[in-house]
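Asker: just a sequence and a predicted model for now, questions to come.
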Amino acid sequence: MIRAFPTYPACPVCGDREVNPAALGVRWEWDEERGCVVGRFRPGAEHAGYEGRLHGGILSALLDECLAWACAVRRRTYCITGELSVRFKAPARLGETIEITGRPLTSWGRYVRAAGQARTPSGELIATASSTFAALSREESLRLHAALRFLPGDLDILDGGS
């Protein structure tokens, strides 16, 4: 089963372009069968680093948000980045849709580790990432939850995934 996550309208990655014109507009999904978060992004000229390539900072932001959702699924609460490490393997070309995936690995206390990757449509590895996230307090998670935009059928991680 595949279910979309809600969005945060002002977010630069998953946000609504009517609220934040610079938002990338990525819609993240939980793929239960694969056990990972999945998102797709097609970079345009406005996302260029140079020579027709996606800027590495934008790719890092995509991986960061993907891994945040993976950690949230694991912890059943929202999480914030403590550490993010990205290894770039090949250029992400402008105009070519990339798939970003992330999965939770381990958790202890309020921390969660996750790993992810970005690939071209042909499966070429563009980048890998590893991260450590910290779970937000229940109060902070509830405030964030109230600010999210849910569509019918979206995955509600605070509600046990229903």
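Answerer: Noted; the coordinates are in hand.

Asker: which other residues reach the lowest-mean-pLDDT helix or strand in the chain?
Answerer: Scoring the helices and strands of the chain by mean pLDDT, DSSP states H and E places strand 48-50 at the bottom, with a mean of 92. Outside of strand 48-50, the residues within contact range by CB atoms under 8 Å, 6 or more residues apart in numbering are 54, 55, 56, 57, 94. Every C-beta, even on glycine, is put in place using the N, C-alpha and C of the backbone.

Asker: pLDDT and distance to residue 157 added to the residues you listed, as CSV?
Answerer: Output for these, formatted as CSV (pLDDT from 0 to 100; distance: CB to CB, whole Å):
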residue, pLDDT, distance to residue 157
54, 98, 28
55, 98, 29
56, 97, 29
57, 98, 27
94, 97, 33
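
Asker: could you dump those to a markdown table with secondary structure and distance to residue 25?
Answerer: What follows is those, written out as a markdown table (DSSP: H, G, I helix; E, B strand; the rest coil; distance: CB to CB, whole Å):
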| residue | secondary structure | distance to residue 25 |
| --- | --- | --- |
| 54 | strand | 15 |
| 55 | coil | 16 |
| 56 | helix | 20 |
| 57 | helix | 17 |
| 94 | coil | 16 |
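
Asker: now the buried members of those.
Answerer: Taking 16 or more other CB atoms under 10 Å as the criterion, what is buried in these is 54, 55, 94.

Asker: what sits against the last one?
Answerer: If you count contacts by CB under 8 Å, 6+ apart, residue 94 has them with 43, 44, 45, 47, 48, 52, 53, 54.

Asker: quick check: closest non-adjacent residue to the residue most central in space within the chain.
Answerer: The chain has residue 66 as the residue nearest its centroid, 1.9 Å off, counting by CA atoms, centre = their mean. Nearest non-adjacent residue to residue 66, counting by CB to CB, 6 or more residues apart in numbering: residue 102, 4.0 Å away.
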